[in-house]
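Asker: please work out how this folds:
(one chain, ligands or ions: 3)
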Amino acid sequence: MAAASDRVFKLLVLPGDGIGPEIIRETLRIVDWARNAGLRIELSEGLAGGASIDAVGAPIAEDVVEQALASDAVLFGAVGGPKWDHLPRAQRPEMGILRLRQALDLYANLRPAVCFDELLDASALKPELIRGLDILIVREATAGVYFSLPRANEVGPDGQRRAYDTQAYTEGQIARVCRTAFELARTRQRRVCSVDKANVMETGALWRAVATEVAADYPDVELSHMYADNCAMQLVRRPDQFDVIVTDNLFGDILSDAAAALTGSLGLLPSASLCGLGQGGRSRGLYEPIHGSAPDIAGQGVANPIATILSFALCLRWSFDRADLADRLERAVRHVVYSGVRTPDIAHAGIAAVSTIEMTDAVLTALHAQ
Ligand SMILES: NC(=O)C1=CN([C@@H]2O[C@H](COP(=O)(O)OP(=O)(O)OC[C@H]3O[C@@H](n4cnc5c(N)ncnc54)[C@H](O)[C@@H]3O)[C@@H](O)[C@H]2O)C=CC1
Ligand SMILES: CC(C)CC(=O)C(=O)O
Ligand SMILES: [Mg+2]
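Answerer: Ligands and ions are numbered 1, 2, ... in the order given. Now for the predicted structure:
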């Protein structure tokens with residue numbers, strides 16, 4: 001293996017739709033900073049989502065999937081928008097990201113929700129409830145109800161329209177994501193809360209049983225179980241009780257948007273999708289904000305780029321083996337937030353909000369001042 005300084009890392013960039021290209025454009029300025037700091041990155045760019053549908057008639061072309069498989073990391077914006085909402089499910093933009101997660105077997109979707117003290121006023125909750133908040137949601141991302149078959153939206157034998165999806169998990173799919181959660185808990189407060197609906201769903205009962213079995217290999221980590229509906233309530237009642245949450249694809253999707261509101265904005269939360277932690281800092285991963293393409297603000301230049309910039313920090317840490325640069329980038333973002341620079345989503349009355357570009361300018365200034 002080449003030494004870290006010799007290695008050229010391949011980064012595939014897929015901006016997508018809506019605010020995707022706006023936040024990716026800015027994050028590429030941060031990628032340039034990393035290159036100037038000595039990291040050798042070979043960049044390529046491709047189409048995903050609605051942009052790909054418009055150009056080639058599919059939410060992601062197979063050669064783009066091949067390119068992703070041949071890359072060390074993918075930096076993803078967001079896909080989707082009203083223009084493509086009428087399309088049949090399999091042809092919609094969202095299939096682009098689902099296909100990538102599955103093709104790259106990125107079963108562990110890490111969604112850290114950290115509250116910056118300076119943003120206590122931007123949160124939906126009282127400051128005393130969220131001060132010091134640091135939750136890691138580990139969401140299973142390649143199985144469950146987003147992928148399982150059969151599914152249909154059809155006219156049934158009685159002439160009524162009917163629709164169904166299937167929630168299915170194997171023990172292997174549950175065990176591997178639970179292992180990732182336990183491994184990560186060992187680097188934190190050593191507490192895992194496994195979230196399911198074991199009271200009403202067969203998949204929930206299996207999830208709970210497998211999480212308990214996996215826990216036997218991690219006697220130093222405390223495991224608790226919680227039903228997903230209660231978890232949603234506990235997240236807004238007393239979020240500081242959580243360290244690592246491990247849960248399925250659907251619950252993880254929903255609970256992480258709720259966790260974002262605790263930190264102040266959906267525009268702040270990054271994510272890393274990994275095929276486990278086996279490769280350490282050289283894992284192949286896909287990095288994207290947890291939010292979507294935000295059609296309501298697209299084209300206005302006001303989207304918060306922090307979620308995507310912090311996703312690149314995760315890429316530096318998990319795929320490019322440069323925890324040092326990741327730390328510097330995260331410090332710079334913290335500094336900018338502390339100094340009161342705010343896009344509209346985190347601004348409060350009495351301060352002038354900055355644009356997507358100005359927020360990135362501020363992060364770059366902070367990086368260069370370090
Ligand atoms: N991974 C992906 O590509 C995802 C795609 N989507 C797609 O995105 C489209 C819009 O979905 P929504 O439900 O509206 O969710 P969304 O996450 O795009 O937006 C929800 C709300 O948060 C705001 N928001 C999101 N990101 C922001 C940012 N960076 N800065 C400031 N405000 C921000 C939006 O303006 C909106 O008010 C849909 O087509 C959906 O399918 C949704 C989630 C994930
Ligand atoms: C396929 C995505 C649109 C689902 C989602 O909301 C997410 O992964 O955060
Ligand atoms: Mg989501």
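
Asker: which parts of the stretch 151-300 of the chain are strands?
Answerer: Per DSSP state E, counting those that start in this stretch, the stretch 151-300 of the chain carries strands over the ranges 152-155, 161-164, 191-196, 222-227, 244-247, 270-274, 285-289.

Asker: out of those strands, which is closest to ligand 1?
Answerer: strand 285-289 (5.8 Å; CB to the nearest ligand atom). C-beta coordinates here come from the backbone N, C-alpha and C atoms, glycine included.

Asker: G77 is in contact with E26, isn't it?
Answerer: No - using CB atoms under 8 Å, G77 makes no contact with E26, being 10.6 Å away.

Asker: please enumerate the shared neighbours of the two.
Answerer: T308 (CB atoms under 8 Å, 6 or more residues apart in numbering).

Asker: who has more neighbours, the two?
Answerer: G77 (30 against 23; other CB atoms under 10 Å).

Asker: quick check on the residue in the stretch 1-150 of the chain positioned nearest to ligand 1: phi, psi?
Answerer: Among the residues of the stretch 1-150 of the chain, G80 lies closest to ligand 1, at 2.4 Å counting by CB to the nearest ligand atom. Backbone torsions for G80, taken as degrees, to the nearest 10, come to phi 110, psi 170.

Asker: and the closest residue to it other than its chain neighbours, what does it touch?
Answerer: Nearest residue to G80, sequence neighbours excluded (CB to CB, 6 or more residues apart in numbering): P93, at 4.5 Å. Counting by CB under 8 Å, 6+ apart, P93 makes contact with 16-17, 48-50, 52-53, 59, 79-81, 84.

Asker: try 10 Å
Answerer: 16-18, 20, 48-54, 59-60, 78-81, 83-85, 87, 292-293 (CB atoms under 10 Å, 6 or more residues apart in numbering).

Asker: most centrally placed residue in the chain?
Answerer: For the chain, the residue sitting closest to the mean C-alpha position, by CA atoms, centre = their mean, is S271 at 2.7 Å.

Asker: these two touch, right, that one and A78?
Answerer: No - S271 is beyond contact range of A78, at 11.3 Å (criterion: CB atoms under 10 Å).

Asker: quick check: neighbours shared by these two?
Answerer: Common neighbours of S271 and A78 (CB under 10 Å, 6+ apart) are 288-291, 307.

Asker: who wins on neighbours among those residues?
Answerer: Counting by other CB under 10 Å, top hit in the shared contacts of S271 and A78: P289 with 31 neighbours.

Asker: show me the helices in this structure, by range?
Answerer: Under the criterion DSSP state H, helices of the chain are mapped to 20-36, 50-56, 62-69, 94-103, 127-130, 171-185, 202-215, 228-237, 249-263, 306-318, 323-338, 356-369.

Asker: so what secondary structure elements neighbour the third one?
Answerer: Applying 3 or more CB pairs under 10 Å, 6 or more residues apart in numbering; DSSP states H and E, we find helix 62-69 packed against strand 8-16, strand 40-45, helix 50-56, strand 73-78, helix 94-103.

Asker: and the protein, which residues reach ligand 1?
Answerer: For the chain, the contact set with ligand 1 under CB under 6 Å from any ligand atom comprises 19, 78-81, 94, 97, 265-267, 288, 291-297, 303-304, 307, 345.

Asker: to ligand 2, which of the helices and strands packed on helix 62-69 lies closest?
Answerer: Per CB to the nearest ligand atom, nearest to ligand 2 of those: helix 94-103, 4.2 Å.
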